[in-house]
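K.L.:
Sequence and predicted structure are below.
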2 protein chains.
Amino acid sequence: MSSIDHMKLFLEPKSVALVGISRRTGKGSFNILESLINYGFGGEIYPVNPNAHQILGIKVYPSVNDLPAPVDVAVISTPRSHVLNAIRDCADKGIKAIIINSQGFADADEEGRALQEEIVRIARRNGARILGPNTLGVFNAFNRFTSNYLVLAKNEKAPVGVICQTGFFLGFSNFGLIGKGVDLGNACDVDFADVLEYLEDDPDIRLIVLHIDGIKKGREFFEMAKRVSTKKPILALKGGRSEQGARAAASHTGSLAGNDSIYDAVFKQAGIIRARGVDELEDLTKAFLNLPLINGKRVAIVTPTGGVGILASDACKEHNLELAKLSQGTLKRVKDLSPQWTTVGNPVDIWLASMTHGYKKVFKIALEAVLNDGNVDAVLCITPSYGMIPEYDFMDASEVIKRTVTTFKDKPVVLCIYGPCTREMASNLEETGNTVAYTDPKRALRVLSILGDYSKYLEKVKKSG
Amino acid sequence: MSSIDHMKLFLEPKSVALVGISRRTGKGSFNILESLINYGFGGEIYPVNPNAHQILGIKVYPSVNDLPAPVDVAVISTPRSHVLNAIRDCADKGIKAIIINSQGFADADEEGRALQEEIVRIARRNGARILGPNTLGVFNAFNRFTSNYLVLAKNEKAPVGVICQTGFFLGFSNFGLIGKGVDLGNACDVDFADVLEYLEDDPDIRLIVLHIDGIKKGREFFEMAKRVSTKKPILALKGGRSEQGARAAASHTGSLAGNDSIYDAVFKQAGIIRARGVDELEDLTKAFLNLPLINGKRVAIVTPTGGVGILASDACKEHNLELAKLSQGTLKRVKDLSPQWTTVGNPVDIWLASMTHGYKKVFKIALEAVLNDGNVDAVLCITPSYGMIPEYDFMDASEVIKRTVTTFKDKPVVLCIYGPCTREMASNLEETGNTVAYTDPKRALRVLSILGDYSKYLEKVKKSG
């Protein structure tokens, strides 16, 4: 049985055994059976609990041996002392994919570490694969299967595959953009490389997000990531960069966090895009989903506020981007609308022209001009959100931006939005699927810079064959 | 007349002349008269326009000379070619505070630069002070005076004084927390030092925020900032750090951005807290308003997600903070609620204990324990916002946090909130005035680190003084 076939059992099972499922249901009971029902899983569910006959109206089996049919995947959530027996039962029943939710293994003490090693031995002998232990397991919005006892299916069927070592990234982060997810937990067996291979040609997934405490199978990971990263972008957030973080990682998932500079080098060589934090991971996720690749570093900035334009110019430098030298034609289009003494440059400060000719009109002219300019590779638009207040609707560039980004699709346009209705305006514009919005020009430009790095990496890979 | 007396005329006038006010009113007309009326200014308003008799029901005067009474401040918004005459008229009338909204001076060309110098000469000769040109002028939520033609009085009477060189910071940023603000524009006369002196003992203002393109009177600024920063924190965001940013600053306000490392040194010596971007400025603003000073670098982290705890540990290191060595008593309080094999450390991972004893209860015990721990100087709480969804209300730590931060007020508690209702939960908890919330543990810890730097600076000043 190939690794991919195993991964399909984990992520696309037709039937699941829930071993050690609790009789407690309702708020705060962390009951996977309840999660599965509420989430709408359509496959067969076999709860296993020797002390119950029925939970939530579903027949319960006293042991795995009593199951009436073979199952694709088993989820074990017994106390740690019962896990070995449960694994043996699953192996006897021929179950080839086993998720261990239970904690107290390499994440705990010596006894736990020994138990974990024994789990792996039993699984190997029986041709079964283990996900976990110490994991919320999997989440699949496409077939509504999850072994997570807390389901927050906020963003359904997002084309984002997540591989992580903590439940936080399984849909609980601020962004929550996830279509398929695998929490590796202690990663005693199934590791990053296995899930990467599964996601490689998955048509549902366009972007892969990694959260890493520590990788055990480094070589396999590197080879697989290198292959996959040319097909879809891989973003990574690595914990345990510092000594104290590494110590915390050791007690979280029993992971060896490893030397951070080695990870840096490996990521770079494998074409993996590294995020520096939770916010940045989210910034990059939406950018890589919504923006086209970038052909160079030359950025045009359109802004009604000169002061923020200056801050954006600084951020260009900081992120290794260039301020585009705009063509005479582009500059003239804005200058013609401005007082005679105005100097128009890049950043393109449209305020003076706007006061006479109207903000929306000038914004449109400037934005189209820079997008048509051969000297420009990408555009940052700075614009306020208070135009969403009826009294100030003459300042609302939303429609202009929407129309423009759905017409000019070959250059990335990022937005920096400010003011009282920022969140609403940002969501509204991001719904086009062709632009992304941030509150700080630094964040917007950082994203462009990283998009540029990845574009260049793909170019290099292509050339080298 | 002292500089402070002049600043009072600018910010707390009883009467204002609006020179060159437009007859256009309504949406998109950028009419200061309309702004003032809508904002509810209670002083006398004298519009000046030779071509109108009445605007918005208010009597208009053909010229400054025709004004029936002396005025505290004049706001000039004529085209630049008429500004010199307007200034002369104001001087003749004995007006001692003049705001020039008009653009096209040092921000424009040689002719503009010459005009600006002439303006200063006329003002000096007549004992008048000039704010601007190229400025939105002032904003004062306490007496509802503004010379800004766009009023967004979102956060009223916030104890924050802003001195900036672009209108963006006069209430248009995402945060918008501003009680009094002065946009210096080209800063031909009134400069940072003047406004700092005015804000120094202003009982309405607890925090000062600077946005700087370039400072002309460097020595005065340094001396004044050094004095004021021991009374209230001063935050600064500096534009034009890069060569290209400096070029943009030159055409924005005619400012010489200067060598950035010199600014860095000056800020440090004067006790000014430097923000690295727009988001960070907002992060710091709310932190300095709501948090007590910090006595050391030892941070305790309370978290239900081990993975984010690790990222937070890394961020401690990055921001020069220490993970507190928690006392045995503190550790025991959480360990007693956890499975026997659990190791409790810092970060304090409360998840296992929560699953048995309930999230709110364990969160409360852990938070109070670390706040009572003599080895802890500050606390980061990581907590989800999905507890605001009724189905998950057992995970809502809001009430626990509210009660705790209003009881333990001597150590700063910062929050990292994640999930679907983050914004709502953050606002709700920040309303206590005793804590602040961020989406990324890095941002929360960065803020603690900077708060620590400022606390140490004050300590040092106190000792040497």
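P.N.:
Good, I have the coordinates.
K.L.:
From here on, just use CA atoms for contacts and neighbour counts.
P.N.:
OK.
K.L.:
For stretch A:253-261, buried residues please.
P.N.:
By neighbour count on 16 or more other C-alpha atoms under 10 Å in any protein chain shown, the buried set for stretch A:253-261 is A:253-258, A:260.
K.L.:
any idea which of those residues is least confident?
P.N.:
For the buried residues of stretch A:253-261, the least confident position by pLDDT is A:A257, scoring 79.
K.L.:
Quick check: chain neighbours aside, which residue is closest to it?
P.N.:
Distances taken as C-alpha to C-alpha, 6 or more residues apart in numbering or on different chains place A:G214 nearest to A:A257, at 4.4 Å, with adjacent residues excluded.
K.L.:
The one you found and A:A248, how far apart?
P.N.:
12 Å (C-alpha to C-alpha, to the nearest Å).
K.L.:
Between the two, which contacts overlap?
P.N.:
Applying C-alpha atoms under 8 Å, 6 or more residues apart in numbering or on different chains, one finds that A:G214 and A:A248 are jointly contacted by A:G240.
K.L.:
Looking at these two, which has the bigger crowd around it?
P.N.:
The residue with more neighbours, out of A:G214 and A:A248, is A:A248; 30 against 25, by other C-alpha atoms under 10 Å in any protein chain shown.
K.L.:
right, and that one touches B:D349 too?
P.N.:
No: A:A248 is not in contact with B:D349 according to C-alpha atoms under 8 Å; the separation is 9.8 Å.
K.L.:
so what sits against both of the two?
P.N.:
Both A:A248 and B:D349 are in contact with B:306, B:309, where contact means C-alpha under 8 Å, 6+ apart.
K.L.:
so where is chain A shaky, pLDDT-wise?
P.N.:
Within chain A, the stretches with pLDDT under 70 are A:152-155, A:174-175.
K.L.:
So A:K96 sits against A:V75, correct?
P.N.:
No: applying C-alpha under 8 Å as the test, A:K96 and A:V75 come out as separate, 11.5 Å apart.
K.L.:
of those two, who's got more company?
P.N.:
A:V75 (31 against 22).
K.L.:
For the more buried one, give its distance to chain B.
P.N.:
18 Å (C-alpha to the nearest C-alpha, to the nearest Å).
K.L.:
cool, A:Q340 as well?
P.N.:
Computed with C-alpha to the nearest C-alpha, the distance linking A:Q340 and chain B is 9 Å.
K.L.:
can you check A:K8 too?
P.N.:
In this view, A:K8 and chain B are 26 Å apart by C-alpha to the nearest C-alpha.
K.L.:
show me what contacts A:P441?
P.N.:
So A:P441 contacts A:308, A:311-312, A:315, A:380, A:382, A:415-416, B:278 (C-alpha under 8 Å, 6+ apart).
K.L.:
so how far is A:E12 from the residue of chain A positioned farthest from its centre?
P.N.:
For chain A, the largest distance from the centre (C-alpha atoms, centre = their mean) belongs to A:Q340, which lies 48.8 Å off. Distance, A:Q340 to A:E12, by C-alpha to C-alpha: 66 Å.
K.L.:
Run a quick neighbour tally on the closest residue to A:L131 other than its chain neighbours.
P.N.:
Of all residues not flanking A:L131 in the chain, A:I99 sits nearest, at 4.6 Å (C-alpha to C-alpha, 6+ apart). Neighbour count of A:I99, defined by other C-alpha under 10 Å: 27.
K.L.:
Other residues contacting the helix or strand that A:I99 is a member of?
P.N.:
Using DSSP states H and E, A:I99 sits within strand A:97-100. Residues outside strand A:97-100 that contact it (C-alpha under 8 Å, 6+ apart): A:6, A:9-10, A:72-77, A:87, A:90, A:128-135, A:137.
K.L.:
Repeat that for stretch A:114-128.
P.N.:
A:84, A:87-88, A:91, A:94-98, A:105-106, A:129-130, A:133, A:188-189.
K.L.:
Please list the residues of the stretch 251-400 of chain A that sit near chain B.
P.N.:
Proximity of the stretch 251-400 of chain A to chain B, by C-alpha under 8 Å from any C-alpha of the partner chain, involves residues A:251-252, A:277-279, A:305-314, A:317, A:323, A:341-343, A:346-347, A:355, A:358, A:384, A:391-392, A:394.
K.L.:
circling back: wait, what's in contact with the residue nearest to A:A257?
P.N.:
A:238-240, A:249, A:255-258.
K.L.:
try 7 Å
P.N.:
Contacts for A:G214 (C-alpha atoms under 7 Å, 6 or more residues apart in numbering or on different chains) come out as A:255-258.
K.L.:
Distance of it relative to A:C164?
P.N.:
Computed as C-alpha to C-alpha, the A:G214 to A:C164 distance reads 10 Å.
K.L.:
Kindly report the same for A:I95.
P.N.:
A:I95 is 24 Å from A:C164, by C-alpha to C-alpha.
K.L.:
now do A:A123
P.N.:
Distance, A:A123 to A:C164, by C-alpha to C-alpha: 22 Å.
K.L.:
which stretch of helix or strand covers A:A249?
P.N.:
Using DSSP H and E, A:A249 sits in helix A:243-253.
K.L.:
Return the set of buried residues in that helix.
P.N.:
If you call a residue buried by 16+ other C-alpha under 10 Å, then helix A:243-253 has these buried ones: A:243-253.
K.L.:
Show me which of the residues you listed is closest to chain B.
P.N.:
Using C-alpha to the nearest C-alpha, A:G245 comes nearest to chain B of those, at 4.8 Å.
K.L.:
now the angle from the stretch of helix or strand A:G309 belongs to to helix B:243-253?
P.N.:
Element membership for A:G309 (DSSP H and E) is helix A:306-318. Taking axes from the mean of the first three to the mean of the last three C-alpha atoms, to 10 degrees, one finds helix A:306-318 and helix B:243-253 inclined to each other by 170 degrees.
K.L.:
near chain B, which residues of the stretch 1-150 of chain A?
P.N.:
With C-alpha under 7 Å from any C-alpha of the partner chain as the criterion, the stretch 1-150 of chain A meets chain B at residues A:27-28, A:104, A:108-109.
K.L.:
ChimeraX command to pick out the buried ones of those?
P.N.:
To isolate the buried members of those in ChimeraX, using 16+ other C-alpha under 10 Å:
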select /A:28,104,108,109
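K.L.:
Make JSON lines from the residues of the stretch 1-150 of chain A next to chain B and add secondary structure to it.
P.N.:
Below are the residues of the stretch 1-150 of chain A next to chain B laid out as JSON lines (DSSP: H, G, I helix; E, B strand; the rest coil):
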{"residue": "A:K27", "secondary structure": "coil"}
{"residue": "A:G28", "secondary structure": "coil"}
{"residue": "A:G104", "secondary structure": "coil"}
{"residue": "A:A108", "secondary structure": "coil"}
{"residue": "A:D109", "secondary structure": "coil"}
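K.L.:
List the residues that contact the nearest residue in space to A:I45 that is not next to it in sequence.
P.N.:
Excluding its sequence neighbours, the residue lying closest to A:I45 (C-alpha to C-alpha, 6+ apart) is A:V16, at 5.1 Å. Taking C-alpha under 7 Å, 6+ apart as the criterion, A:V16 is in contact with A:44-46, A:71-74.
K.L.:
ok, now with 8 Å
P.N.:
The contact partners of A:V16, taken as C-alpha under 8 Å, 6+ apart, are A:43-46, A:71-75.
K.L.:
host element of the residue most central in space within chain A?
P.N.:
Chain A has A:V209 as the residue nearest its centroid, 4.1 Å off, counting by C-alpha atoms, centre = their mean. Using DSSP H and E, A:V209 maps to strand A:207-212.
K.L.:
follow-up on the earlier one: which of the contacts of strand A:97-100 fall in strands?
P.N.:
A:73-76, A:129-131 (DSSP state E).
K.L.:
among these, which ones are buried?
P.N.:
Buried subset of these (neighbour count, 16+ other C-alpha under 10 Å): A:73-76, A:129-131.
K.L.:
and which of the residues you listed is nearest A:A158?
P.N.:
Distance to A:A158 across these (C-alpha to C-alpha) is lowest for A:L131, with 22.9 Å.
K.L.:
quick one: the closest one from A:V138, how far?
P.N.:
Distance, A:L131 to A:V138, using C-alpha to C-alpha: 9 Å.
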